[in-house]
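Enquirer: Give me coordinates for this.
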Amino acid sequence: MQLISLNSQTILGAISLERYEGFIKPWRVDYHDKDFFTPNLLDGHAEAPAGVRITFETNSSVIMVEIAPSKAVLEFDVVIDQELVNTVKVEPGDTSFTIENLSEMNKKVEIYLSQQEQVLLKNVCIDEKADWQVCPSTRKKWLAYGSSITQCHAAESPSQTWPAITANALDLDLICLGFSGECHYESMIARTIRDTPVDFISLCAGINIYGQNTYNHRTFQAAILGFIKIIREKQPDVPIVLSSPIYGVFREETPNLVGFTLIQMREQVQEIVEIFRKNGDEHIFYVNGLDILSAEYKHLLPDELHPNAEGYKLMGQNYTAAFKPYFK
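Expert: A predicted model of the protein is given here:
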């Protein structure tokens with residue numbers, strides 16, 4: 001079979017690509033700087049390729065993907081011309097999967113990697129006599145930063161996370177920086193966003209900070225203000241949407257260990273946007289998380305925190321509506 005070149009032109013949505021021992025590992029931070037993401041290197045979530053996809057054009061009727069064996073089940077979505085045609089589950093220890101009986105017409109192929117587990121890529125192969133080419137993205141680039149609710153572990157499949165749904169609906173080129181339990185507005189993430197040229201940025205603030213008591217009333221706004229100021233050093237005019245938490249059940253009115261409730265956090269997140277706008281930043285906007293998933297949809301939060309697959313689809317629809325005004 002014929003090999004597809006795997007590089008930054010055919011692996012989209014990653015911040016960096018690490019090559020070792022014949023494999024490629026997509027990272028959602030710059031792996032050269034990984035030691036600076038202390039204290040826990042984002043708990044390994046930067047190595048889970050949420051939103052990362054192999055993308056190319058081909059007329060091949062067969063595609064084979066070779067990977068390193070994993071201890072976990074790995075899910076991959078095969079999207080053809082923006083339509084999901086197959087979700088593949090690779091069992092622990094298996095090292096390849098094949099998609100057959102595809103159209104022999106030229107088509108855009110996107111293979112979404114697992115949003116849950118680390119994936120090491122070896123080869124992508126097509127029919128020996130088939131044609132293929134790089135599919136340069138003409139879409140506007142969107143970077144989404146958030147928590148597990150942005151990484152979307154419980155989504156139906158890798159292309160059915162809310163960021164992927166929203167990106168598909170708005171024709172955006174997604175970079176997903178959703179890190180489960182690790183959305184704490186550290187300066188290294190701010191530098192990563194600052195140094196990644198994009199056309200649109202969304203930031204979700206609050207739920208991990210509430211759960212881990214990261215900042216109190218003195219430090220919460222200061223941390224996020226400084227984070228956004230770092231981004232603005234190189235991206236002064238890129239639209240930024242700052243979102244407050246979705247509905248949080250008991251967290252709405254129950255103070256955490258440092259005295260915060262989600263109601264108070266939403267007020268302070270909105271104030272952050274107002275501070276920037278008062279000081280001349282006309283490209284920053286606020287989205288209330290309750291407009292994305294409200295108490296009406298509490299039944300879509302099975303653990304009273306994370307949406308289920310249906311909840312993530314609802315979030316994708318609602319974020320599409322919330323972001324659409326910025327892409328007229």
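Enquirer: Now do the contacts for the closest residue to Ala167 other than its chain neighbours.
Expert: Leaving aside its sequence neighbours, Ala167 sits nearest to Leu174 (CB to CB, 6 or more residues apart in numbering; 3.9 Å). Heads up, the C-betas are built off the backbone N, CA and C, glycines and all. Counting by CB atoms under 8 Å, 6 or more residues apart in numbering, Leu174 touches Gly13, Gly51, Trp142, Ala144, Pro163, Ala164, Ala167.
Enquirer: Check Pro255 too.
Expert: Thr261.
Enquirer: Please report how far Met1 lies from Val62.
Expert: Separation of Met1 from Val62 (CB to CB, to the nearest Å): 8 Å.
Enquirer: Touching both of these two, which residues are there?
Expert: In contact with both Met1 and Val62: Ile126, Asp127, using CB under 8 Å, 6+ apart.
Enquirer: The contacts of Leu174 in helices, which ones?
Expert: Among the contacts of Leu174, the ones falling in helices (DSSP state H) are Pro163, Ala164, Ala167.
Enquirer: got JSON lines for the contacts of Leu174, with distance to Leu203, pLDDT and neighbour count too?
Expert: Formatted as JSON lines, the contacts of Leu174 follow (distance: CB to CB, whole Å; pLDDT from 0 to 100; neighbours: other CB atoms under 10 Å):
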{"residue": "Gly13", "distance to Leu203": "18", "pLDDT": "98", "neighbour count": "25"}
{"residue": "Gly51", "distance to Leu203": "15", "pLDDT": "98", "neighbour count": "29"}
{"residue": "Trp142", "distance to Leu203": "12", "pLDDT": "98", "neighbour count": "25"}
{"residue": "Ala144", "distance to Leu203": "8", "pLDDT": "98", "neighbour count": "30"}
{"residue": "Pro163", "distance to Leu203": "12", "pLDDT": "98", "neighbour count": "30"}
{"residue": "Ala164", "distance to Leu203": "18", "pLDDT": "98", "neighbour count": "30"}
{"residue": "Ala167", "distance to Leu203": "16", "pLDDT": "97", "neighbour count": "27"}
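Enquirer: which among those gets closest to Glu282?
Expert: Nearest to Glu282, judged by CB to CB, of the contacts of Leu174 is Trp142 at 19.3 Å.
Enquirer: residue contacts, the closest one?
Expert: Neighbour list for Trp142: Ala167, Leu170, Leu172, Asp173, Leu174, Ile175, Val198, Asp199, Phe200, Ile201, Ser202 [criterion: CB under 8 Å, 6+ apart].
Enquirer: what's the spacing between Asn208 and Thr320?
Expert: Taking CB to CB as the measure, Asn208 falls 24 Å from Thr320.
Enquirer: quick revisit: spell out the secondary structure type for the residue nearest to Ala167.
Expert: Per DSSP: H, G, I helix; E, B strand; the rest coil, the secondary structure class of Leu174 is strand.
Enquirer: in the sheet, who's paired with it?
Expert: Judged by DSSP bridges, the bridge partners of Leu174 are Trp142.
Enquirer: likewise the one 4 residues further on?
Expert: Beta bridges link Gly178 to Gly146, judged by DSSP bridges.
Enquirer: quick one: pLDDT of the residue lying farthest from the centre of the chain?
Expert: In the chain, the residue that sits farthest from the middle, by CA atoms, centre = their mean, is Lys129; the gap is 35.3 Å. With respect to pLDDT, Lys129 scores 94.
Enquirer: tell me the SS of it?
Expert: Lys129 ends up coil, using three-state DSSP.
Enquirer: for Leu293, same thing?
Expert: In three-state terms, and counting by three-state DSSP, Leu293 is coil.
Enquirer: Equivalent analysis for the one 5 residues further on, please.
Expert: The three-state assignment at Lys298 reads helix, by three-state DSSP.
Enquirer: State the pLDDT value of it.
Expert: 98.
Enquirer: re earlier: would you reformat the contacts of Trp142 as JSON lines and include distance to Glu83?
Expert: Shown next, in JSON lines, are the contacts of Trp142 (distance: CB to CB, whole Å):
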{"residue": "Ala167", "distance to Glu83": "15"}
{"residue": "Leu170", "distance to Glu83": "16"}
{"residue": "Leu172", "distance to Glu83": "17"}
{"residue": "Asp173", "distance to Glu83": "18"}
{"residue": "Leu174", "distance to Glu83": "17"}
{"residue": "Ile175", "distance to Glu83": "22"}
{"residue": "Val198", "distance to Glu83": "25"}
{"residue": "Asp199", "distance to Glu83": "24"}
{"residue": "Phe200", "distance to Glu83": "24"}
{"residue": "Ile201", "distance to Glu83": "28"}
{"residue": "Ser202", "distance to Glu83": "25"}
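Enquirer: buried subset of those?
Expert: Buried subset of those (neighbour count, 16 or more other CB atoms under 10 Å): Ala167, Leu170, Leu172, Asp173, Leu174, Ile175, Val198, Asp199, Phe200, Ile201, Ser202.
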